[in-house]
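Colleague: next comes the sequence, and after it the predicted model I'd like to discuss.
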Amino acid sequence: NAGVTQTPKFQVLKTGQSMTLQCAQDMNHNSMYWYRQDPGMGLRLIYYSASEGTTDKGEVPNGYNVSRLNKREFSLRLESAAPSQTSVYFCASSAADGYTFGSGTRLTVV
Amino acid sequence: QKEVEQNSGPLSVPEGAIASLNCTYSDRGSQSFFWYRQYSGKSPELIMSIYSNGDKEDGRFTAQLNKASQYVSLLIRDSQPSDSATYLCAVRGYGQNFVFGPGTRLSVLP
């Protein structure tokens, strides 16, 4: 029972490079989310997808794009990474009774 | 801007004592309330959910909700060193996304 799987677990990027964070869930959830977590800031919503084929901006969407490829997969893309995007990124999926989080991606932009 | 506030801590309690974690929220329309535990370097995991006023008990954990005061708390009885973690409060309105508090760091001293 894998739950929510995120890749990669760690990544170091140079300023201006691009990358895609991958997320897949096997719980048949409709809703999926991308959060970033910074010290003292808590979890902040970047983008979410309430169902396959829809995506919406969250609290901090600038510098990011997302794709809901199908019901299982929801990817997050950084087109031109900036040091301010250094953070831990979590993907999550939800049913009505709460979120299930992936294991996280620790991203450093130098 | 919907807000969820928590004392960042650290909250230190001796082993075997009761740990009391508090959370206040600004949106009176909030309907679902959750507590997540996050160990250092790990992803948040759901430990309790509560939907109606009063207390809800699950083993050593008790969640308390007072909607009139816009207050939710988590009590941990017989605290153990393994309970040392950051506890995140999350609040959800009908048809809305979760809003997370910044978390309270709990340290249980042997």
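Modeller: That came through, no problem. Numbering: from 1, shown residues only, chains lettered A, B, ... in the order given.

Colleague: for the chain, what spans make up the strands?
Modeller: Chain wasn't specified; assuming chain A. Taking DSSP state E, the strands of chain A run over residues A:4-7, A:10-13, A:19-25, A:31-38, A:42-49, A:56-57, A:64-68, A:74-78, A:87-95, A:98-101, A:105-109.

Colleague: look at chain B instead
Modeller: With DSSP E as the criterion, chain B has strands at B:4-5, B:11-14, B:19-25, B:30-38, B:45-50, B:54-58, B:61-66, B:71-76, B:85-93, B:98-100, B:104-109.

Colleague: what pairs with the shortest one, parallel or antiparallel?
Modeller: What that stands for is strand B:4-5. The strands beside strand B:4-5 in its sheet (DSSP bridges) come out as strand B:19-25 (antiparallel).

Colleague: pLDDT wise, what is residue A:59 at?
Modeller: Model confidence at residue A:59, given as pLDDT, is 89.

Colleague: packing partners for the worst-scoring helix or strand of chain B on mean pLDDT?
Modeller: Across the helices and strands of chain B, the lowest-confidence element by mean pLDDT, DSSP states H and E is strand B:98-100, at a mean of 89. Contacts defined by 3 or more CB pairs under 8 Å, 6 or more residues apart in numbering or on different chains; DSSP states H and E place strand B:98-100 against strand B:85-93. Every C-beta, even on glycine, is put in place using the N, C-alpha and C of the backbone.

Colleague: okay, angle between the strand it packs on and strand A:87-95 too, please.
Modeller: For the pair strand B:85-93 and strand A:87-95, the angle between their directions (axes from the mean of the first three to the mean of the last three CA atoms, to 10 degrees) equals 50 degrees.
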